[in-house]
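K.L.:
Return atomic coordinates for the entry below.
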Amino acid sequence: MSETTLYLVLGVLAATAAGLWAWRHWHPSSFWYGVGFPLRVVWVYLTWKAVASGCKVTRRKRAWRFTLDSLPVVGEATRTAGMVVERRRFRMVDVEQAPRLGLMLPTPFGWRLRVKMHEGQIPSDYAAVAERLAHSWRVHGVRVLERKPGKITLLATRRDPLANVTTPDAPPKLLVVRPGVLENGEPWVIDFRTVPHWMIVGATQSGKSNLANALIKELAPQPVGIVGLDLKGGVEFTPYKPRLSALATTRKESVELLEDLVDELGRRMAVCTAHGVRNIWRLSPDLCPIPIVVLVDELAELFLMADKSEKEEVGRTATALLRIAQLGRAFGVFLVLCGQRIGSDLGPGVTALRAQLSGRVCHRVNDPETANMTLGDLDPAALDVARGIAAETPGIAVVAGQDGTWHRARSVYVPEEEAEQAARDCARVAPTWDELLGRPAVLNAA
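P.N.:
The predicted structure is shown next:
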């Protein structure tokens, strides 16, 4: 090769490398789909057998294979010591087989890989080696999702999508809030019409209050009533009072407010019965009542008793909350219950209420009982992840409810001033308490 040709080849290689670097730097998304993902596909499929063997998910099976057998030479040739021949034979031997791979599909932050498990394997066998898979594939993490009996999906993320979270852009929709991002890069969606009631727990500085700010900000411009129960004397929700239809700051006020809502549920039920429909969403717009979102801060304060004289009040509170949780979805009353600590020691009312709250958000908590109360009845793996949330990652939470599975998620940072400004700007949208309790309003299904 001449010197000119060598320089030309080196120049082309340098220009290609610079072009690929610029492409990856300035437009990483298209680079991933155009270059990164195809290379990953080849690498994953070529190395799968070795990776599966290292992660102990292979199985030894009997199969027909050709083998080479060394046999001594017979006849005159036996006079020469050590003479052997190799004969190719087809016989049954033990072989190591990796699980069969299906289609590998790209995601914005990695890929989804379908796997057909061996007989006798279950998804938890693969969840136990998820960290090994992540190291083998040089990715941030691997999640195991169950598709159908005998088949799973491995969700690999190249980098942590929760490191930098921005507000997802989406058109406004009634009773839908997008407070942040899930670990798979998809928007974190809280749709009250799909999952009507939510339990949100978290220690101080874990991101619980920030999530409440995000809910206020997103719900403020919507044609819904927002009711606050702030058992900290009102310090949390009073700044949002311009947008609230009602605010209770003591347990006595709270139980009266909740019992009014139970009565309103009865009225809405009667309207639906009279018109032969199962829920308010099937009523005509001129009859459809205003949806109501009830935000409760420090749920434990509603159930704590200083002495036996408060037992009746606590019982009334628990009954009202449970009644709303049972009927709220059909008749447009939704609960968001927040607290630093929620345990079974608060009484059977809390345990019964938890069973009605299909939406769960668990930030970092100080005691295992609260995490277990929130996620223990859903998935042990989710519970382990929640217990491992670091204190230096506020806003990180384990979320369950929207699609029947659990995810790590992170809410967008919403300063208190921003949420308070949204409450003031949308004060004219807030229906009065009297309007919520009986007078129908036109529902703008934005």
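
K.L.:
Report the residue ranges of every domain in the protein.
P.N.:
By the record's domain assignment, the chain is partitioned as 86-159, 176-436 (automatic domain parsing).

K.L.:
residues touching Met117, list them.
P.N.:
Residues in contact with Met117, defined by CB atoms under 8 Å, 6 or more residues apart in numbering, are Pro99, Pro123, Asp125, Tyr126, Gly150, Lys151, Ile152. Placement of C-beta: from N, CA and C, glycine included.

K.L.:
circling back: among the domains of the chain, show me which one is buried the most.
P.N.:
With neighbours defined by mean count of other CB atoms under 10 Å, none of the domains of the chain is more surrounded on average than domain 176-436, at a mean of 19.

K.L.:
tell me the SS of the closest residue to Phe331 other than its chain neighbours?
P.N.:
Spatial nearest neighbour of Phe331, chain neighbours left out: Arg268 (4.1 Å); criterion: CB to CB, 6 or more residues apart in numbering. Following DSSP: H, G, I helix; E, B strand; the rest coil, Arg268 is assigned to helix.

K.L.:
With the one 3 residues further on instead?
P.N.:
Put simply, Val271 is helix when judged by three-state DSSP.

K.L.:
Kindly report the same for Pro285.
P.N.:
With three-state DSSP as the criterion, Pro285 reads coil.

K.L.:
mind starting the numbering at 29 from now?
P.N.:
Sure, I'll start counting at 29 from here, so that last one is Pro313.

K.L.:
how about the helices in the chain?
P.N.:
31-54, 56-59, 65-82, 151-155, 158-165, 236-247, 279-302, 328-331, 339-359, 376-382, 396-403, 408-415, 444-453, 461-464 (DSSP state H).

K.L.:
what does the first one contact?
P.N.:
Looking back up the chat, that one is helix 31-54. With contacts defined as CB under 8 Å, 6+ apart, helix 31-54 is touched by Met29, Ser58, Phe59, Val63, Gly64.

K.L.:
and those residues, which two are the farthest apart?
P.N.:
Across those, the two members that end up farthest from each other (CB to CB) are Met29 and Ser58, 34.8 Å apart.

K.L.:
and these two? which has more neighbours close in?
P.N.:
More neighbours surround Ser58 than the other of Met29 and Ser58, with 12 against 7 (other CB atoms under 10 Å).

K.L.:
Could you pull up the residues touching the more buried one?
P.N.:
For Ser58, the set of contacting residues under the criterion of CB under 8 Å, 6+ apart consists of Trp51.

K.L.:
low-scoring stretches of the stretch 79-228 of the chain, by residue?
P.N.:
For the stretch 79-228 of the chain, residues meeting the criterion pLDDT under 70 lie at 90-122, 195-199.

K.L.:
quick one on the thing from earlier: in JSON lines, list the contacts of helix 31-54 along with pLDDT and distance to Leu365.
P.N.:
Written out in JSON lines, the entries for these read as follows (pLDDT from 0 to 100; distance: CB to CB, whole Å):
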{"residue": "Met29", "pLDDT": "60", "distance to Leu365": "74"}
{"residue": "Ser58", "pLDDT": "88", "distance to Leu365": "43"}
{"residue": "Phe59", "pLDDT": "86", "distance to Leu365": "44"}
{"residue": "Val63", "pLDDT": "87", "distance to Leu365": "47"}
{"residue": "Gly64", "pLDDT": "89", "distance to Leu365": "43"}
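
K.L.:
out of those residues, who's nearest Gln449?
P.N.:
With CB to CB as the yardstick, the closest approach to Gln449 among the contacts of helix 31-54 comes from Ser58, at 37.3 Å.

K.L.:
which one of the contacts of Met145 is nearest Val361?
P.N.:
Sorting the contacts of Met145 by distance to Val361 puts Pro151 at the head of the list, at 36.8 Å, by CB to CB.

K.L.:
coming back round to it: widest-spaced pair of the contacts of Met145?
P.N.:
With CB to CB as the measure, no two of the contacts of Met145 lie farther apart than Asp153 and Lys179, at 13.3 Å.

K.L.:
pretty sure Gln354 contacts Ala383?
P.N.:
No: between Gln354 and Ala383 there is no contact under CB atoms under 8 Å: 10.0 Å.

K.L.:
residue boundaries of the strands in the stretch 79-228 of the chain?
P.N.:
Taking DSSP state E, counting those that start in this stretch as the criterion, the stretch 79-228 of the chain contains strands spanning 87-100, 112-125, 128-135, 138-144, 169-176, 179-185, 204-210, 215-219, 226-229.

K.L.:
so which of those strands gets nearest Pro249?
P.N.:
Using CB to CB as the criterion, the shortest distance between Pro249 and these is 11.4 Å, found for strand 204-210.

K.L.:
Measure how that closest one sits relative to helix 236-247, angle-wise.
P.N.:
Using axes from the mean of the first three to the mean of the last three CA atoms, to 10 degrees, one finds that strand 204-210 and helix 236-247 are set 140 degrees apart in direction.

K.L.:
who's in contact with strand 204-210?
P.N.:
Counting by CB under 8 Å, 6+ apart, the neighbours of strand 204-210 from elsewhere in the structure are 189-190, 193-196, 198, 215-221, 239, 242-243, 246-247, 423, 427, 435-440.

K.L.:
Point out where the stretch 229-378 of the chain drops to low pLDDT.
P.N.:
Short version for the stretch 229-378 of the chain, where the test is pLDDT under 70: none.

K.L.:
please redo it, this time with the cut-off set to 80
P.N.:
Low-confidence segments of the stretch 229-378 of the chain, defined by pLDDT under 80, are located at 333-338, 371-377.

K.L.:
shouldn't Pro459 be in contact with Val321?
P.N.:
No: using CB under 8 Å, Pro459 makes no contact with Val321, being 11.9 Å away.

K.L.:
Mind listing the shared neighbours of those two?
P.N.:
When contacts are counted by CB under 8 Å, 6+ apart, Pro459 and Val321 are jointly contacted by Gly253.

K.L.:
rewinding a little: okay, the contacts of helix 31-54 in TSV with distance to Ala358 next?
P.N.:
Below are these laid out as TSV (distance: CB to CB, whole Å):
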residue	distance to Ala358
Met29	79
Ser58	46
Phe59	48
Val63	51
Gly64	47
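
K.L.:
Closest one to Val393 out of those, please.
P.N.:
Each of those was scored against Val393 by CB to CB, and Gly64 proved nearest at 37.4 Å.

K.L.:
For the closest one, grab the count of nearby residues.
P.N.:
Under the neighbour criterion other CB under 10 Å, Gly64 is assigned a count of 17.

K.L.:
And it, how close does it get to Pro249?
P.N.:
When CB to CB, to the nearest Å is the yardstick, Gly64 and Pro249 sit 39 Å from each other.

K.L.:
Pull the distance from stretch 334-346 to the chain's centre.
P.N.:
Centroid separation between stretch 334-346 and its chain, computed with CA atoms, centre = their mean, to the nearest Å, is 35 Å.

K.L.:
Kindly report the same for stretch 204-223.
P.N.:
Relative to its parent chain, stretch 204-223 has a centroid offset of 8 Å by CA atoms, centre = their mean.
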